[in-house]
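no letters, just coordinates:
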């Protein structure tokens, strides 16, 4: 190997510390997170998703199971809407898997009783609709997994 292509290593005893950066005294700006972290979360109305009454109604609906299919009616996609008025009257819009369902007469009554028993609910009403018709695409992923459809 030639002299000009060799790697040279220099050994030293100590190295001088680099000079410290000088920062001029400037007014410190307030951290933008201070106000965010100190703020309290906005109150969710009881009848909105995340509110006590709405969530209680959804939990009550998840306790009602279709007698022919081992999945609750909420995850099965039979509940089309839950409307809570400002005075906590609840209207549930639902369907059944078919108009000839054996529980077509009893299921809406059971839903009305269970929803009416939720703390804070003033009056419960169930509207049974057939349009749009139910189809398996309305099921939650949990229900599809339970039935082996995923």
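Cool, the structure landed. Bear in mind the structure is a predicted one, so any value in this text is a computation, not a measurement.

show me where the chain has helices.
For the chain, helices defined by DSSP state H occupy the ranges 32-38, 52-61, 107-116, 141-146.

so who does the closest residue to residue 83 other than its chain neighbours touch?
Once flanking residues are discounted, residue 83 sits nearest to residue 91: 4.6 Å by C-beta to C-beta, 6 or more residues apart in numbering. For the C-beta atoms, the positions are set from N, CA and C on the backbone; glycine is no exception. The neighbourhood of residue 91, defined by C-beta atoms under 8 Å, 6 or more residues apart in numbering, consists of 81-83, 85, 125-127.

ok, now with 7 Å
Contacts were defined as C-beta atoms under 7 Å, 6 or more residues apart in numbering; by that measure residue 91 touches 83, 125, 127.

can you put the residues you listed in JSON lines and add neighbour count, distance to residue 16 and pLDDT?
Listed next are the contacts of residue 91 as JSON lines, based on neighbours: other C-beta atoms under 10 Å; distance: C-beta to C-beta, whole Å; pLDDT from 0 to 100:
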{"residue": "83", "neighbour count": "14", "distance to residue 16": "75", "pLDDT": "93"}
{"residue": "125", "neighbour count": "15", "distance to residue 16": "83", "pLDDT": "95"}
{"residue": "127", "neighbour count": "13", "distance to residue 16": "83", "pLDDT": "95"}
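
nearest to residue 142 among the residues you listed?
The closest of the contacts of residue 91 to residue 142 turns out to be residue 83 (C-beta to C-beta; 23.8 Å).

that closest one and residue 32, how far apart?
In this view, residue 83 and residue 32 are 39 Å apart by C-beta to C-beta, to the nearest Å.

go on, residue 148?
Distance, residue 148 to residue 32, using C-beta to C-beta: 50 Å.

the bottom helix or strand of this structure by mean pLDDT?
Using mean pLDDT, DSSP states H and E, helix 32-38 stands out as the lowest-scoring helix or strand of the chain, at a mean of 77.

just give me how far it sits from the chain centre.
Using C-alpha atoms, centre = their mean, to the nearest Å, we find the averaged C-alpha position of helix 32-38 to lie 25 Å away from the chain's own average C-alpha position.

can you point out the buried residues in that helix?
Neighbour-count burial for helix 32-38 flags no residue at all (criterion: 16 or more other C-beta atoms under 10 Å).
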